[in-house]
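> missing the sequence, but the structure's below:
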């Protein structure tokens, strides 16, 4: 029987039928969820990239692994929704991104200030589910086990002005519905479909920079650090606060008790130091210096960094007060002239010193003059 006649009998082209069967098998495979990471294994993966947050990472790895292990085993446990607290640039969003990549689960990163309870001013909180389905490229099984990360959660604290709630009490209340598990309607482009959120992991992040004032007003209990409290910056103070004081402080700050009650894991990130910045530059697999070297290597230029250059970059980044984000901005600012001028100068190797970081134009001029002298000397 010819292919054409068989197609007519089936009413479907053979290739289209094969594609349908293939997609059905792939969907069936994805629906069987297997998780085989231990908390230590996930921790080991994260510490290849993240520096200076060892205790915090252990807590986060426990929360994530036990959440997904319960889904894999079919044994339901209490959801391990997570709140990440720490100053800007300490790695909160970065950690969640790495977890998503290592575990190969969909991740939605969004700003909490974009949402309102009913969507009158901003996006409806229920649309978070629509967005994570998009991140999962329409795969509902995968999306149902995804991670939703809401940053700037401290910006939707419930606070009153002239007797009227002008902030996020309603948004927090709206989030309660989807945090524990709810059927949310999702537009597939071909109609509506319901997706339950009970297996999704919700992670929230915020600096809570004003929380320090609330903590200072509370009576002191238990161990007190020998250093004076005024000598601690906000990041270190929040990192070292007693758990019960922190919970009370969060509620006083404006996080409603029902919302905090659905987040059993609170992980605090500490302020990164200059020493941490040096470790990031030298040890992290995502070191911005590593990317810079690869960029120059694409033009057959080998870049090396003197030991004092790492310290100089770390110091300049620390002065900017942007956390680890400051490292990229310092490197881009200081090394852009080299990226622009070195290709085509016939220079195959360069040592980046502290002086080269602080005075790139002066260093480049010296390199150019040195090259011209070599050319002139070769002609004589």
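Nice, I can see it. Source: prediction; values computed, not measured.

> chain center to stretch 204-214, what's the gap?
Centroid separation for stretch 204-214 versus its chain: 18 Å, with CA atoms, centre = their mean, to the nearest Å.

> same question for stretch 262-275.
That offset, for stretch 262-275, works out to 13 Å (CA atoms, centre = their mean).

> end-to-end on that stretch?
36 Å (CA to CA, to the nearest Å).

> strands along the stretch 51-200 of the chain, start to end?
Applying DSSP state E, counting those that start in this stretch to the stretch 51-200 of the chain gives strands spanning 82-85, 107-111, 115-116, 123-124, 147-151, 160-161, 164-165, 183-187, 192-196.

> looking at those strands, which one has the lowest mean pLDDT?
Least confident of the strands of the stretch 51-200 of the chain, judged by mean pLDDT, is strand 164-165 with a mean of 45.

> in this structure, which residue is closest to the centre?
The centre of the chain sits closest to residue 93, judged by CA atoms, centre = their mean, with a distance of 2.2 Å.

> now tabulate the strands of the stretch 51-200 of the chain in JSON lines and tack on mean neighbour count and distance to residue 271.
(C-beta placed from N, C-alpha, C; glycine too.) Listed next are the strands of the stretch 51-200 of the chain as JSON lines, based on neighbours: other CB atoms under 10 Å; distance: least, CB to CB, whole Å:
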{"stretch": "strand 82-85", "mean neighbour count": "25", "distance to residue 271": "12"}
{"stretch": "strand 107-111", "mean neighbour count": "18", "distance to residue 271": "22"}
{"stretch": "strand 115-116", "mean neighbour count": "20", "distance to residue 271": "29"}
{"stretch": "strand 123-124", "mean neighbour count": "16", "distance to residue 271": "32"}
{"stretch": "strand 147-151", "mean neighbour count": "24", "distance to residue 271": "18"}
{"stretch": "strand 160-161", "mean neighbour count": "10", "distance to residue 271": "31"}
{"stretch": "strand 164-165", "mean neighbour count": "10", "distance to residue 271": "32"}
{"stretch": "strand 183-187", "mean neighbour count": "15", "distance to residue 271": "37"}
{"stretch": "strand 192-196", "mean neighbour count": "13", "distance to residue 271": "39"}
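
> for residue 302, name its beta-bridge partners.
When bridges are taken as DSSP bridges, the partners of residue 302 come out as residue 349.

> how close does it sit to residue 352?
Computed as CB to CB, to the nearest Å, the residue 302 to residue 352 distance reads 11 Å.

> one more: residue 187?
Here the distance between residue 187 and residue 352 works out to 51 Å (CB to CB).

> now residue 299
As judged by CB to CB, residue 299 and residue 352 stand 15 Å apart.

> so these two - more neighbours on which side?
A direct count of neighbours by other CB atoms under 10 Å for residue 299 and residue 352 places residue 352 higher, at 24 against 13.

> remind me which residues of the stretch 1-150 of the chain are low pLDDT?
Counting by pLDDT under 70, the ranges of the stretch 1-150 of the chain that qualify are 1-32, 116-122.

> recalculate using a threshold of 90.
Filtered on pLDDT under 90, the stretch 1-150 of the chain yields the residue ranges 1-36, 52, 72-80, 87-89, 112-126.

> where exactly do the helices run in it?
According to DSSP state H, counting those that start in this stretch, the stretch 1-150 of the chain carries its helices in the segments 3-10, 14-31, 39-46, 54-73, 92-103, 127-135, 140-143.

> and the third one, how far out from the chain's middle?
Relative to the mean C-alpha coordinate of its chain, helix 39-46 is positioned 16 Å out (CA atoms, centre = their mean).

> on that earlier part again, CSV please, covering the strands of the stretch 51-200 of the chain and showing distance to residue 140.
Supplementary listing: the strands of the stretch 51-200 of the chain in CSV, determined by distance: least, CB to CB, whole Å:
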stretch, distance to residue 140
strand 82-85, 23
strand 107-111, 14
strand 115-116, 22
strand 123-124, 19
strand 147-151, 15
strand 160-161, 40
strand 164-165, 35
strand 183-187, 8
strand 192-196, 6
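
> and residue 290, helix, strand or coil?
Using DSSP: H, G, I helix; E, B strand; the rest coil, the three-state assignment for residue 290 comes out as helix.

> measure it to residue 331 for me?
In this view, residue 290 and residue 331 are 11 Å apart by CB to CB.

> the two - which one has more neighbours?
Taking other CB under 10 Å, residue 290 and residue 331 do not tie; residue 331 has more neighbours (21 against 13).

> could you find the closest non-adjacent residue to that one?
Beyond its immediate neighbours in the sequence, the residue positioned closest to residue 331 (CB to CB, 6 or more residues apart in numbering) is residue 288, lying 5.0 Å away.

> what does residue 109 give?
Residue 109 sits nearest to residue 149 (CB to CB, 6+ apart), 4.9 Å away.

> what sits against that neighbour?
When contacts are counted by CB atoms under 8 Å, 6 or more residues apart in numbering, residue 149 is found next to 93, 96, 107, 108, 109, 110, 203, 204, 205.

> got phi/psi on the closest residue to residue 284 other than its chain neighbours?
With CB to CB, 6+ apart as the measure, residue 49 is the residue that lies nearest to residue 284, at 5.4 Å, once sequence neighbours are left out. Here is the backbone geometry of residue 49 (degrees, to the nearest 10): phi -120, psi -40.
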